[in-house]
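Q: 3D, please:
(chains A and B)
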Protein chains: 2
Amino acid sequence: MTEIITPPLDMSAEDYLKYADEIARFIADYLSHPEAVSVLPNIAPGSISAALPQAPPKRPESMDAILADFKSILMPGMTHWNNPGFMAYFANSSPGPGILAETLSAALNQNAMLWRTSPAATELEETVLKWMAQLLGLNEMTGVITDTASISSLLAMSAAREAIPGLNLREEGLAGRPEVPRLRIYTSEQAHSSIEKGAIALGIGQRGVRKIGVDTDFRMRPDLLESAIAEDRAAGWLPFCAVATAGTTSTTSIDPVRAIGEICRREGIWLHVDAAYGGSAAIAPEFHWVLDGCDLADSLVVNPHKWLFTPMDCSVLFVKSPSTLRRAFSLIPEYLVTHGDATNYMDWGVQLGRRFRALKLWMVIRYFGQEGLAALIREHVRLAADFAEWVDSCLEFERTAPAPLSAVCFRAVAEPDASEERIQHVNQQLMDSLNRTGEIFLSHTKLNGRYTLRVAIGNIRTTQTHADRLKALLLEHLPEALRI
Amino acid sequence: MTEIITPPLDMSAEDYLKYADEIARFIADYLSHPEAVSVLPNIAPGSISAALPQAPPKRPESMDAILADFKSILMPGMTHWNNPGFMAYFANSSPGPGILAETLSAALNQNAMLWRTSPAATELEETVLKWMAQLLGLNEMTGVITDTASISSLLAMSAAREAIPGLNLREEGLAGRPEVPRLRIYTSEQAHSSIEKGAIALGIGQRGVRKIGVDTDFRMRPDLLESAIAEDRAAGWLPFCAVATAGTTSTTSIDPVRAIGEICRREGIWLHVDAAYGGSAAIAPEFHWVLDGCDLADSLVVNPHKWLFTPMDCSVLFVKSPSTLRRAFSLIPEYLVTHGDATNYMDWGVQLGRRFRALKLWMVIRYFGQEGLAALIREHVRLAADFAEWVDSCLEFERTAPAPLSAVCFRAVAEPDASEERIQHVNQQLMDSLNRTGEIFLSHTKLNGRYTLRVAIGNIRTTQTHADRLKALLLEHLPEALRI
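A: Take a look at the predicted model:
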């Protein structure tokens, strides 16, 4: 059937150098003007697939052919997260030192599951997380790097569940046990969907997540948290975890973590803080308040791949009690037994295989330094404040939420008597129209049922020029959006 | 406090080119003789940490200084997974095309959470997984790429749980509900620890995983599975998932998936197949039998980052019913709403952020082609068979399990009347002694309580020369191991 062939060798060193050089030039060119490519591609779903062979090649293909297809088929289908006009979701970036680190990480192919499967990756992870704790003022906490905030929060909620006394949930599970009450996690209406997804995965269920109402600035109301807990206890639920957010996805609102933490202490509830986006701000001394009260947290997630200029993926989970986290997951089969008391990060989570992610975070922190990172954060917040001020000064636009960090929620004002439906339509048109320019990518959300546009500053290359261009484009495209 | 400085720019294109070139030369040199560095580093825990500053730098540092530390502090602490003498756990590799792909992936920083956040990454993922399905003969299945088999299996078990009719577990959770019976997952005594970890995470608990006994070749016994299910049903448990393994971690035994699948069909139980290691073998026509019966599976995981020569991390989860998987996890907040019916892979799992992992798998498959990959698999199985034959021919060693794929379980024979404790001691000494040479890295396991060494062939550069060197080292070091 298949002709027997000698096992192929890996690419030669000469070829590796040749193609690495070609790719380096491609990347250098790309990074020297990332705004030259449309931020959103102008393609229809299915067009990339249609251009690719529907069956794998039988025979080896040349790297020249592969790179040619990469450039001609895949590149036109990229959404350019590195474009400074990317202001959707939370913008992020992959700066030079991060790309170089990822190249080394791929080449060395370390797997930091056990200390001995990569002492360097394990100990660099420990060290760089000590640095992160110092940068963020989380000195009582110890960290582990995961891939995403979704996983970090899932691990945190698992540790919270493990901390419930007397039920032996790790061993016996949640189901079919009359002695196990229904379990409740509390988070605000503005919390990220990953909290609910995590709760679904953990068998807590969507109803196990009680959404607490927010104040007019979209911050969780501690009084409502307190009464919800009391109500739930009276109804036989077991409250075991609260998740506060420092920088919500829609408005970057910052929950009153200290007040929430005090309630959690009193109630014996685990406090997890989702600071995936907002946590990075604490690197700048004047934004240290963003993590105020986090000394009361049992766990906290911050994502260097969001606002700390580290390529995807890199999330940091901090915990006050690593032993609780390990108790939730540690399970060591004979084939993974090693001796000694070194850190084996596989015991800190659900994933066994672990890429060498600490390397990029280390290189990024060193390359920019604390002051450089703080200056970037500071400038992004300034740009957002400037944009918010501009919105406030325009009759054509209104703000829909406070802008404490680097994202601004706003919308176009339609006709005086316009219905919410009409306002939504106008703003959708405006957003779609801007997104079609290829210069800017905005996303949207809803706040109290009101359709809202979002500008999120966070790309390392976004400057006043791009923010000003956004203002100009908004004014330029608004009349047309109002016409249709 | 902190002096105000202008936000730093990213590394210039010139600097990027300069350091990319330096790193490319370093990698080319490294890959041209990966056996030149000791496979296991000769360092004590804590020595890397001790050499690193305990506080982050305030000021930016030069890339020269960072790379110098990388070379002088981190490199000596690496375990070299790319060394052809790495025969521990499951060996893996990062070949040239994989490293180049990861470099591009880091530079473009795609996030394939939604189609529109990276059409190219989304559609390449769909396409390359269609290729994988064809390569492995899983034509009824649709795939998604995750980071690890631990997560792939967790997602599969979540889908299995979601498929339980009438209990609405996603919404209501498992706890405190009298109508929800205790839930059971079945897997063999030889299954990977990730199945138990996943069950713990999902709230099923360790006791929710019933370990089924194996035959003398370490394969799950379908008769025992059948009786366990009957016994559990009678005792009020709800059996909902069985996990068969195609290539167990200790011995690479392959469970009788067809027989297990027929039981699952009859019992209405989800069948998940953990083919993380063994699945890749099916690329070679003569090993297609490894996935025999997998047409009965509801889900299957195979890890290209194990035996398909793709850098960490890359795991593929195949499912027969993507809608069940999506039902288990899909949860779309307003800020992530998009229009149209394109694939949004965030709906297929717990993680929102998703690296562009399809790129490396695509480049590896194209660069080697089906025949090249099959030839590598074939050669690794041949090397393992050759080694097993050698063990069988030696009076000094004995095999402890069949070797159907590319790993061999064996041990040194101690004195005729040696206790199991003594045999373990001798083999530990032997393994430690070999691992200290820096030429070879072996790991161990236990089979029916018997301490066993393992040789796992899987690195792209491992050849007959390395296998022969292993034989020589075993014979050379055995006398000393027997003496102490």
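Q: right, is the helix or strand of chain A with the lowest mean pLDDT up against chain B?
A: When the helices and strands of chain A are scored by mean pLDDT, DSSP states H and E, helix A:322-329 comes last with a mean of 93. Yes - contact of helix A:322-329 with chain B (C-beta under 8 Å from any C-beta of the partner chain) involves A:328-329. Every residue, glycine included, has its C-beta placed from N, CA and C.
Q: which is the next helix or strand following that helix?
A: The first helix or strand that comes after helix A:322-329 along the chain, using DSSP states H and E, is helix A:358-393.
Q: what comes up buried for that following helix?
A: Neighbour counts over helix A:358-393 (16 or more other C-beta atoms under 10 Å in any protein chain shown) mark A:358-381, A:383-388, A:390-391 as buried.
Q: who are the packing partners of it?
A: Counting contacts by 3 or more C-beta pairs under 8 Å, 6 or more residues apart in numbering or on different chains; DSSP states H and E, helix A:358-393 packs against helix A:96-108, helix A:119-136, helix A:304-307, strand A:397-399, strand A:407-412, helix A:464-483, helix B:63-69.
Q: of all these, which one comes closest to residue A:190?
A: Closest approach to residue A:190 among those is made by strand A:407-412 (11.3 Å; C-beta to C-beta).
Q: wait, isn't residue A:218 in contact with residue A:190?
A: Yes - Residue A:218 lies in contact with residue A:190 (C-beta atoms under 8 Å); the separation is 5.1 Å.
Q: which neighbours do the two share?
A: A:248, A:250-251, A:253 (C-beta atoms under 8 Å, 6 or more residues apart in numbering or on different chains).
Q: let's have those residues in CSV, adding secondary structure, neighbour count and pLDDT.
A: Converted to CSV, the shared contacts of residue A:218 and residue A:190 look like this (DSSP: H, G, I helix; E, B strand; the rest coil; neighbours: other C-beta atoms under 10 Å in any protein chain shown; pLDDT from 0 to 100):
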residue, secondary structure, neighbour count, pLDDT
A:248, coil, 27, 98
A:250, coil, 23, 97
A:251, coil, 25, 98
A:253, coil, 25, 98
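Q: just give me the closest of those to residue B:398.
A: residue A:248 (62.1 Å).
Q: low-confidence regions, chain A specifically.
A: A:1-5 (pLDDT under 70).
Q: tell me where the stretch 1-150 of chain A has helices.
A: A:13-32, A:47-51, A:63-69, A:96-108, A:119-136, A:149-162 (DSSP state H, counting those that start in this stretch).
Q: show me what the fourth one is packed up against.
A: Spelled out, it's helix A:96-108. By 3+ C-beta pairs under 8 Å, 6+ apart, helix A:96-108 packs against helix A:358-393, helix B:13-32, helix B:63-69, helix B:96-108.
Q: out of those, which comes closest to residue B:173?
A: Once the helices and strands packed on helix A:96-108 are compared by C-beta to C-beta, helix A:358-393 is nearest, at 35.2 Å.
Q: quick one, the closest one and helix B:96-108 angle?
A: 30 degrees (axes from the mean of the first three to the mean of the last three C-alpha atoms, to 10 degrees).
Q: run the chain-centre distance for helix A:358-393.
A: 16 Å (C-alpha atoms, centre = their mean, to the nearest Å).
Q: report the angle between the axes of that helix and helix A:464-483?
A: Using the same axes, to 10 degrees: helix A:358-393 against helix A:464-483 is 50 degrees.
Q: tilt between helix A:358-393 and strand A:407-412?
A: Going by the same axes, to 10 degrees, helix A:358-393 makes 30 degrees with strand A:407-412.
Q: give the contact list for residue A:144.
A: Per C-beta under 8 Å, 6+ apart, neighbours of residue A:144: A:125, A:129, A:155, A:316-317, A:319, A:322, A:325, A:345, A:348-349.
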